[in-house]
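Trainee: Provided below are the primary sequence and the corresponding predicted coordinates.
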Amino acid sequence: MSNNSILVIGGGFSGLTAALEAAEVGHEVFIVEKMPYLGGRVAQLKHYFPKLCPPSCGLEINFQRIKNNPRVKYFTLAEVVGVSGGPGNYEVKIRIKPRYVNNNCTACDKCVEVCPVERNSDFDFNVGKTKAIYRPHLMSFPMRYVIDDQVCEGTSCAKCVEACEYQAIDLEEKEKEITLNVGSLLVATGWVPYDVEKLTNLGGGQIPNVITNMQLERLAAPAGPTDGKIQRPSDGAEPKRIAFVQCAGSRDQNHLDYCSYICCMASLKHCTYIREQYPDAEVVIYYIDLRAPGRYEKFLNNIQQDEKVLMVKGKVAKIEEEPGSGDVIVTAEDIMGGLKVEERFNLVVLATGMQPSIAVEDLALDVAKDDQGFIIGGEEKGVFAVGCAKMPLDVMTSAETATGAALKAIQTVRR
Amino acid sequence: MADKKIGVYICTGCEIGENVNMEKVTEYIDEECSPAVMKQVPFLCGKEGLAQIQNDIDGEGVNRVCVAACSPRVMWDVFDFGPDVVVDRANIRELAVWSFHDPGLPEPEEDEMSDPLTMMVRDYIKMSVAKLDRKTKPEAEPIELDKTIMVLGGGLTGLTAALDTAETGYDVVLVEKEDKLGGFAAKMYKQTPTKHPYEKAEAPSINELISRVEANDKIKVMTKTSLQLIKGAPGKFKATVKQGDEEQVLSIGSVILATGWKPYDASKLDSLGYGKIKNVVTNVELEQLAKNGKLNRPSDGQPVLSAAFIQCAGQRDAEHLSYCSSVCCMGSLKQAGYIRELNDEAKAYIFYKDMRTPGVYENYYRAAQDDPGIFLTKSEIQEVTEGENGKVLVKVTDNLLGEDFEVEVDLLVLATGMVPTIADEPVLKLGYRLGEQIPDLDLFDGFAD
């Protein structure tokens, strides 16, 4: 007799979608999420395609569906550490890291006021800071604080414990391990931005005013570290000339072989963020091909109408900082003009690509992957990859693969 | 449900107690709403706070609970007292206490009108009590749902949907208007890669899919069948279908629309030589020629030693199709391979605006770039004319080579785009007042929103 439950590894948009689709036709579903919150990459965006909604929109709907569905159980700060068994009957070991904050937390923020330690915010890709105890983000679900034990001074400080009126903090909480029995597994581990430090010719991680597309999302997000103001990291100045470097790492056999699918649309979307704040700012997009597939063409057309947005076909060869001004000099080829150009910008955005998360941090699950780290097998074992664990995709298509894979998982456990 | 008995529980934690004149709030609520029970609790979401509410439910018969505390985003799971107790959250923390910053108003006086925060709080509670007072629990009305699913369209999408639906345990009716299943996929010589490493075209998988559908006893296949009318509601549809002269009414629960696309009308592309020059064909026509093993020049049956492909033949063009058809770049890379297959010396030229092979399809593009007989360039097409001996002349400007040039080929292939079947006719034929189609915001050029 097959176990009817389904495990979903990863609680981003794909994982949430897959979990809810399976739960809403009657299956017990467990979501295992590594971060202290659900929602994944979408939670970090200002707007997302196809309709440029703020993330709270689609995510909030999914969180409501979780709250109202007793069949969905989720674990945050949790990772799969071992899988045994086979389709219809898997035993999965999950390690749950301590949050150090229990269910008494009312999200009142008193702990943050007294915490003496600051850390770079990973949620903000280091363009913002939080205290060692922090709320993952404004709309985080679960709405519960968490302590970063890499930087927290622990019981020797314990100021937060004292400040908390609700006994919500336990600095001595320990790691736990639980075992779940499920019939099928969905892998929705998603993606990480490609490490810009590897893009040395583009100044990745070296030049302060060269940022990544995901950092720009955080700068533009209303609840982000700058309250939504797009500004230069070096001096907080308003940028007047901004360059986007497409395929920063993608379509490049020295980095990522494949096209990362979303970066063209992301940069076009970022033009709308910039235009909203700076009606006169000039933008140059350096691209190989403008990939606005299918119905997205209209969006591209709208941006092309903007006279201050210039699109140049050509690969950027070099990015350097201009000493003193903080400005950035971009050397690129303009293929159609047959020129080599050197241009100065106040801010450069690298449209970095996506890398499957499990290429960076392996998953404790025996499943075939290609040389780039995308999952290419598992169906025969009742293991189904969805979203960007399978291939680079946008949110909408990821959700479609999630629905499809949920059906496959259901077929597996009903057999 | 038993008589309504409302309990109001006001949390005084999280800065609420210090900032709100509770005496005035409770006095007002008592006067205006007279709840059966009203309490102030210092830590309402804690064990003791919850126990107080539970005690009143058990002892006093409270069955409607107003939780005047934080946002329902916080402590979303603790105020659950079973299915017979209705709970409403009055968010006085985030919506009043935390967000209210006195904009330089004078200190509150005895006159309550000068204490806007307290007024705000009492109004939120009053609204919540009013809701609890008027709410009734909906009674579930069990209806018998029809679990058969109807799939419209027997192409690759419809077949896949039918098979997966059946394999999940549901009965399926698959309706196809043609006499055969398979749609466009069945007319293909090869299909673009579907699996890692995404480098080679594959033999079509459609026949295997068709056999599996035909062998599945949960799927009823109805070819040469057209849909006439869908009436009813989700879970209880009545669909009238017509097979030959015979009409029948099917009871179905849900409909999957998979009627796909049709090629853009190439007769509108005469500026690219279609209809005027014999050796100008569309990508759909080329596919058929290859499938039939007759990939020769239509004019004289001579072998094709060179072919050019014009991408976006109508797509991304406000005068034809304003959108990108997604598949044509991959399609032409595949068809360039057909040309190369014919003869080692054969050449294929692909002229594109942007090469759109997103994601892992980049591998397929790279494989084509590695083929010395396939030439790819971004370009604008200046002119297409007929040359000598049935050749087609293509004049190209704004390309990557820097200067304008002309190629003479045996065959010119127009990579035409797709038009959704639902763009021109109401495929669903809904018998609704709102019209025969699903109401659409028309955001996406005729594709379902």
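Mentor: Here it is on my side, so go on.
Trainee: for the rest of this, base every contact and every neighbour count on C-alpha atoms.
Mentor: Fine.
Trainee: who's in contact with the longest helix along chain A?
Mentor: Ordering each helix of chain A by length in residues (DSSP state H) puts helix A:395-414 first. Residues external to helix A:395-414 that are found in contact with it (Cα atoms under 8 Å, 6 or more residues apart in numbering or on different chains): A:2-6, A:13-15, A:17-19, A:21-22, A:27, A:42, A:48-50, A:87-88, A:183-186, A:382-388, B:164, B:167-168.
Trainee: out of these, which are inside strands?
Mentor: Among the contacts of helix A:395-414, the members found in strands (DSSP state E) are A:6, A:184-186, A:383-385.
Trainee: next, format these as TSV and append neighbour count, distance to chain B and pLDDT.
Mentor: Converted to TSV, the ones in strands among the contacts of helix A:395-414 look like this (neighbours: other Cα atoms under 10 Å in any protein chain shown; distance: Cα to the nearest Cα, whole Å; pLDDT from 0 to 100):
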residue	neighbour count	distance to chain B	pLDDT
A:6	31	15	98
A:184	30	14	98
A:185	30	17	98
A:186	27	17	98
A:383	25	16	98
A:384	27	14	98
A:385	29	13	98
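Trainee: go ahead and confirm residue B:420 touches residue B:260.
Mentor: Yes - contact status for residue B:420 versus residue B:260: in contact at 6.1 Å, counting by Cα atoms under 8 Å.
Trainee: before we move on, back to that, roughly how far is the longest helix of chain A from the heart of the chain?
Mentor: Counting by Cα atoms, centre = their mean, to the nearest Å, helix A:395-414 is centred 21 Å from the centre of its parent chain.
Trainee: same deal with stretch B:30-39?
Mentor: Its chain's C-alpha centre and that of stretch B:30-39 lie 49 Å apart, by Cα atoms, centre = their mean.
Trainee: walking through the stretch 201-350 of chain A, point out its strands one by one.
Mentor: A:210-212, A:241-248, A:282-287, A:309-313, A:316-321, A:328-334, A:339-345, A:347-352 (DSSP state E, counting those that start in this stretch).
Trainee: compute the inter-axis angle for the longest one and strand A:328-334.
Mentor: Going back to what we said before, that points to strand A:241-248. 60 degrees (axes from the mean of the first three to the mean of the last three Cα atoms, to 10 degrees).
Trainee: what does the fourth one give?
Mentor: Between strand A:309-313 and strand A:328-334, the angle formed by their directions is 50 degrees, by the same axes, to 10 degrees.
Trainee: close to chain B, is strand A:309-313?
Mentor: No - Strand A:309-313 does not reach chain B (Cα under 8 Å from any Cα of the partner chain); its nearest approach is 9.8 Å.
Trainee: give me the sheet partners of that strand and which way each runs.
Mentor: Strand A:309-313 has these partner strands in its sheet, going by DSSP bridges: strand A:282-287 (parallel).
Trainee: OK, contacts around residue A:348?
Mentor: Counted by Cα under 8 Å, 6+ apart, residue A:348 has contacts A:209-211, A:242-245, A:328.
Trainee: is the closest residue to residue B:274 other than its chain neighbours in a bridge, and if so with what?
Mentor: Spatial nearest neighbour of residue B:274, excluding adjacent residues (Cα to Cα, 6 or more residues apart in numbering or on different chains): residue B:280 at 5.6 Å. Beta-bridge pairing of residue B:280 under DSSP bridges involves residue B:412.
Trainee: how many neighbouring residues does residue B:280 have?
Mentor: Residue B:280 has 29 neighbours, counted by other Cα atoms under 10 Å in any protein chain shown.
Trainee: quick one, what contacts it?
Mentor: By Cα under 8 Å, 6+ apart, the residues touching residue B:280 are B:273-274, B:392, B:411-414.
Trainee: apply 6 Å and report the result again.
Mentor: Going by Cα atoms under 6 Å, 6 or more residues apart in numbering or on different chains, residue B:280 touches B:274, B:412-413.
Trainee: could I get those residues as TSV with distance to residue A:79 and pLDDT?
Mentor: As requested, these are exported to TSV (distance: Cα to Cα, whole Å; pLDDT from 0 to 100):
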residue	distance to residue A:79	pLDDT
B:274	59	97
B:412	55	98
B:413	52	98
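Trainee: just the closest of the residues you listed to chain A, please.
Mentor: For the contacts of residue B:280, the residue nearest chain A by Cα to the nearest Cα is residue B:413; the value is 20.8 Å.
Trainee: same list (the contacts of residue B:280) but as a markdown table, adding neighbour count.
Mentor: Below are the contacts of residue B:280 laid out as a markdown table (neighbours: other Cα atoms under 10 Å in any protein chain shown):
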| residue | neighbour count |
| --- | --- |
| B:274 | 20 |
| B:412 | 31 |
| B:413 | 26 |
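Trainee: what's around residue A:53, how many residues?
Mentor: Neighbour tally, residue A:53, other Cα under 10 Å: 13.
Trainee: now it, nearest residue through space, not along the chain?
Mentor: residue A:47 (5.2 Å).
Trainee: phi and psi next, for the one you found.
Mentor: Per-residue torsions, residue A:47: phi -130, psi 150 (degrees, to the nearest 10).
Trainee: wait, it touches residue A:58, no?
Mentor: No - if you go by Cα atoms under 6 Å, residue A:47 and residue A:58 don't touch, sitting 10.7 Å apart.
Trainee: and these two? which has more neighbours close in?
Mentor: residue A:47 (22 against 15).
Trainee: could you report the separation of the more buried one from residue A:368?
Mentor: Using Cα to Cα, to the nearest Å, one gets 34 Å for the distance from residue A:47 to residue A:368.
Trainee: next: residue A:186.
Mentor: Taking Cα to Cα, one finds residue A:186 at 14 Å from residue A:368.
Trainee: ok, then the element right after the strand or helix carrying residue B:226?
Mentor: Using DSSP states H and E, residue B:226 maps to strand B:225-233. Toward the C-terminus, strand B:225-233 is succeeded by strand B:236-243 as the next helix or strand (DSSP H and E).
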